[in-house]
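[1] dropping a prediction and its sequence here:
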Amino acid sequence: MVGVRVKKQQKTIPIQQQREALAALHRLRKAYSEDISYEVFKARESLRDETLQALSLFTDMVYGERAFGQSFLLCDGCHMARALNSLPCDERGFYLFLCATCYQQYQQQQARVQAEPREPETAPPVEGLQQEGTS
Ligand SMILES: [Zn+2]
């Protein structure tokens, strides 16, 4: 990899400012991915791949080499830490990209949702169908 030559008179950008700038780019990529149609999503695969590679590179530059179990991308929750690898999917079937702190909050939130009493059914249950959610 070719290093970036930095002029000596250039001031060093504080790490917090670097992380916030990277978080903004990460949020932009996520918003873009969520806002486009499926057709555009599929048609722009190479652009998405390039963007992910660029974000991965900048993430390494700002956060250093990733440790075992860490993702190459940032957390979708706080955008200020690396996501963990190998997290389960959410209730919609999308992979979770969360850091340890945000994943812990997510699990607590899920436990609260499951503990809440369910809304009464507006329509009578159809005979023969299981009305309980998946476990
Ligand atoms: Zn997080």
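    Arrived safely, thanks for sending.
[2] quick check: residues of the chain near the ion?
    Contact residues (CB under 5 Å from the ion) of the chain with the ion: C75, G77, C78, C99, C102. Every C-beta, even on glycine, is put in place using the N, C-alpha and C of the backbone.
[3] can I get the buried part of those as one PyMOL selection?
    Filtering the residues of the chain next to the ion down to the buried ones (16 or more other CB atoms under 10 Å) takes a single PyMOL command:
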select buried, resi 75+77+99+102
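[4] distance to L52 and pLDDT added to the residues of the chain next to the ion, as TSV?
    Below are the residues of the chain next to the ion laid out as TSV (distance: CB to CB, whole Å; pLDDT from 0 to 100):
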residue	distance to L52	pLDDT
C75	15	96
G77	18	94
C78	19	96
C99	18	97
C102	20	97
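[5] of the residues of the chain next to the ion, closest to G69?
    C99 (11.1 Å; CB to CB).
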